[in-house]
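**Student:** could you work out the structure for the sequence below:
(chains A, B, C and D)
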Protein chains: 2
Amino acid sequence: MADRLTPRAREIVTAARDLLEESGPAQLTMRTLADRLGIKAPSLYKHFPDKHAVEVELVAQLLTETAEALEAAEARAPGSLEALAGAYRSYALAHPHLYSLGTERPLPRAELPAGLEDRAALPLLRACAGDLDLARAFWAFAHGMVTLEIHGRFPADADLEAAWKRGLGALGT
Amino acid sequence: MADRLTPRAREIVTAARDLLEESGPAQLTMRTLADRLGIKAPSLYKHFPDKHAVEVELVAQLLTETAEALEAAEARAPGSLEALAGAYRSYALAHPHLYSLGTERPLPRAELPAGLEDRAALPLLRACAGDLDLARAFWAFAHGMVTLEIHGRFPADADLEAAWKRGLGALGT
DNA sequence: GGTCATGGCTAACGACGTTAGCCACTACCC
DNA sequence: GGGTAGTGGCTAACGTCGTTAGCCATGACC
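**Tutor:** Here you go, the predicted structure:
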């Protein structure tokens, strides 16, 4: 998100983001990405060493925007786990493909901006008053709900609001 | 898992299962699968319409074995959410690639044996005394813990036992 | 003994990520 | 102004992927 990228590289990431969100990971191809930019696929390699590097930037966007969403929720309702959960869920469901991309493989920690992962985790940690175990359990619950929801694992008629409430009630204060 | 497959098709699925568990989804290729069976890739299409159909059988295995693991835990400790969670976690961590394959995409419900999905869910539902919301919250927590664990999203030094205990304590009886 | 299903095979297609190598354009320095 | 170097395009091609078409050997059956 920072000056770690040239302007042209940023344009490419923007196009990749659009492509991913519109059509899903399967359509995020070097050729279709190049198409959208009006260039040919090999030209992309003047700006990124490989496809993975483009995806890393998308993961960085996911983490950054998740952090922003959580920080905003925290500002609105300090200390509220429910507010954090709502923000997390809304953001994830609004960007399901990006969420999957950033979630369904090992984090490329070495290639991400320093401190980004921590930043995304901090609001939850603050709301849990530093209780690491609770924070991890809470994160697992929210992440589980979101992924099951995104991948259509719940029955179509399931009352997910109620399930969220139940989990929040149990794990909340 | 039943007579829905010819003997040869079952052999192919067995080889696919071995390949997946040994080397991960990226190595599960029609060509390497055929190699392992001593035949050529196109011959596989005499037994399955496409790669997806092979994967569906693997997902069916995952669901069946998960159901068996949960039923065994239930038999050992009836009504214990903790026992179910332990069985779920052990099974998933023992078969991480299979778990990911069956979890990270929409369920091919139409192509799975009838009743299989329900069977896998029943032990949890019984332990929750029919409380659907609790069962879903619990499932989300367990699934979230397992996927985050499999994909290395927790810090290497995280005390996951403690996080599990915390979640179980909150969601348990 | 002819017929037909079964289950192999080779050759090939189109899409994928990626590499090699070429070329136009611009900026800069003497 | 003329060389030099960097930037950012391009075409052609390679190897791998899933998949299709079409051929052929085997064995069961009437």
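**Student:** so which strand or helix has residue A:78?
**Tutor:** Here residue A:78 sits in a region with no helix or strand, counting by DSSP states H and E.
**Student:** next, count neighbours for it.
**Tutor:** By other CB atoms under 10 Å in any protein chain shown, 11 other residues sit near residue A:78. Where you see a C-beta, it was placed from the backbone N, CA and C, and this is true even at glycine.
**Student:** return the residues of chain A in contact with DNA strand C.
**Tutor:** A:28, A:29, A:30, A:31, A:32, A:41, A:42, A:45, A:49, A:50, A:51, A:52 (CB under 7 Å from any atom of the strand).
**Student:** now for the helix or strand where the fifth one lies, which elements pack on it?
**Tutor:** When elements are assigned from DSSP H and E, residue A:32 belongs to helix A:30-37. Applying 3 or more CB pairs under 8 Å, 6 or more residues apart in numbering or on different chains; DSSP states H and E, one finds that helix A:30-37 contacts helix A:7-23.
**Student:** now do the helix it packs on against helix A:30-37, angle only.
**Tutor:** Here the directions of helix A:7-23 and helix A:30-37 differ by 110 degrees (axes from the mean of the first three to the mean of the last three CA atoms, to 10 degrees).
**Student:** mean confidence for helix A:7-23?
**Tutor:** Mean per-residue pLDDT for helix A:7-23: 97.
**Student:** and that helix, what does it pack onto?
**Tutor:** helix A:30-37, helix A:51-76, helix A:96-103.
**Student:** kindly report the residues of chain A close to chain B.
**Tutor:** A:100, A:103-107, A:132-134, A:136-137, A:139-145, A:147-148, A:151-154, A:158-160, A:162-167, A:170-171 (CB under 8 Å from any CB of the partner chain).
**Student:** ChimeraX command to pick out the buried ones of the residues you listed?
**Tutor:** Buried members of the residues of chain A next to chain B, defined by 16 or more other CB atoms under 10 Å in any protein chain shown, are picked up in ChimeraX with:
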select /A:100,103,104,107,132,133,134,136,137,139,140,141,142,143,144,145,147,148,151,153,154,160,163,164,165,166,167,170,171
